[in-house]
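Trainee: I would like the atomic coordinates for the input below:
(chains A and B)
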Amino acid sequence: MLARPSPVDPEIASLTLQRHIAELWATGRPETLGWKLTPVDSLHVVVAIPAMRSDGTKDLYYVRLGGEYYDAHPPTTCFVQPPAWDVAPAGSQWFPRIANPPWFGLHAAYNFPDGSQRQLVCFTFTAEYYMVDHSPPATAVWRQGNHTLAATLNRLQEVLRPPHYQGPSNAAST
Amino acid sequence: MSDQGEVTISIVDEDNGKEISIKGGQGTPIGTLVEKMYENLKEKFGVQRQPDDRLRCESTGEDVFQFAGLHLKDYLAAGHCADLVWLFAGGTGGA
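Mentor: Next comes the predicted model:
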C-alpha cells in the first residue's frame, strides 16, 4: 500500500506548479491540442480540454488541477463546471462517459477512506488516487522529477478521445 | 522528411510534456528507432525502458512497438503514421 499524500509548503508548491505549467505551455503543444488555461488562484488552475467522440463530434471539458501536494505527489484533479468551477456532477454535460482503459477509472461519487464522498479521477497521476487504497506496479507510480502535471493532462486527453470517450454523461448512450 | 530519404520522427514524452526527435533512414527498422528513442529519453530525462511503457502514433493512436520488425519505408508506405509524431507514455495505473 502506498503512503497517503501530505500537503506540501504552499509557496513552493505554487512555484513548482506555475513553473511546470509555463514549461508545458512553452512547448506549444497545449495550443495545438486546444487546451485553454484559466488561473484560479496561486495553487489552482482550470484547463479546458477538447474531447472528440468516435463520430467526430467535439465536446469540451474543464479540469481543475491543484497543487496542494505537488510535486511530491500529482496534482489534485477534478472535472468541474463553469462558471464557478464547482465539481461536475454525473449526468451533466461537464462529466464525461468514458469506456475506461485498464489504467483509468472515473467515479462521480466515490467513498473515500476519510468518510467523504466525492469525485475520483482514478489513475496514478492524480493526488486523489493515493488517498484511496491502491497497490499499483512500481513503474506506474508518480515519480517526482520524472512526472509533471503534463502526465495528468496527457492521460486525460487520451481518454477524451476514441476509442475511450463516449460523450457527455447527460447524452444518450451510443 | 528530407530529400535524401532521412526521416525525422518527433516524440512527445507525455510524462513531462517535452519533445525529442530522432532520425532514421528509409531502411532503418522501427525497432532500431525505438532503441534510439530510449537512448535519447534516458540521456535527457533518465527514462528507463519498462514493460508497461506505451508508444502510440499521435494521428492514429496505433501502437508503434508492434511494428519493430518493419523497415521505416514499409511502415510509412503502409500508412501507419504519416505525421511521424509518436507519443511516449510510461506505465500508468488506475481504475
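Trainee: mind listing the helices for chain A?
Mentor: For chain A, the helices defined by DSSP state H cover A:10-26, A:29-33, A:149-159.
Trainee: which one of these lies closest to residue B:41?
Mentor: Each of the helices of chain A has some distance to residue B:41 by Cβ to Cβ; the shortest is helix A:149-159, at 14.0 Å. All C-beta spots, glycine's among them, are computed from the backbone N, C-alpha and C.
Trainee: Ok, which of the helices of chain A comes nearest chain B?
Mentor: helix A:149-159 (3.1 Å; Cβ to the nearest Cβ).
Trainee: What sits closest to residue A:101 if chain neighbours are left out?
Mentor: residue A:164 (6.0 Å; Cβ to Cβ, 6 or more residues apart in numbering or on different chains).
Trainee: Next: residue A:90.
Mentor: Using Cβ to Cβ, 6+ apart and skipping the chain neighbours, the partner closest in space to residue A:90 is residue A:108 (3.4 Å).
Trainee: That neighbour: neighbour count?
Mentor: Counted with other Cβ atoms under 10 Å in any protein chain shown, residues neighbouring residue A:108 total 17.
Trainee: Hmm, it is touching residue A:122, no?
Mentor: No. Residue A:108 is not in contact with residue A:122 according to Cβ atoms under 8 Å; the separation is 11.5 Å.
Trainee: Show the contacting residues for the spatially closest residue to residue A:148 that is not a sequence neighbour.
Mentor: Nearest non-adjacent residue to residue A:148, counting by Cβ to Cβ, 6+ apart: residue A:20, 4.4 Å away. If you count contacts by Cβ atoms under 8 Å, 6 or more residues apart in numbering or on different chains, residue A:20 has them with A:71, A:148-150.
Trainee: Among those residues, pick out the one closest to residue A:91, please.
Mentor: Using Cβ to Cβ, the contacts of residue A:20 come closest to residue A:91 at residue A:149, 27.9 Å.
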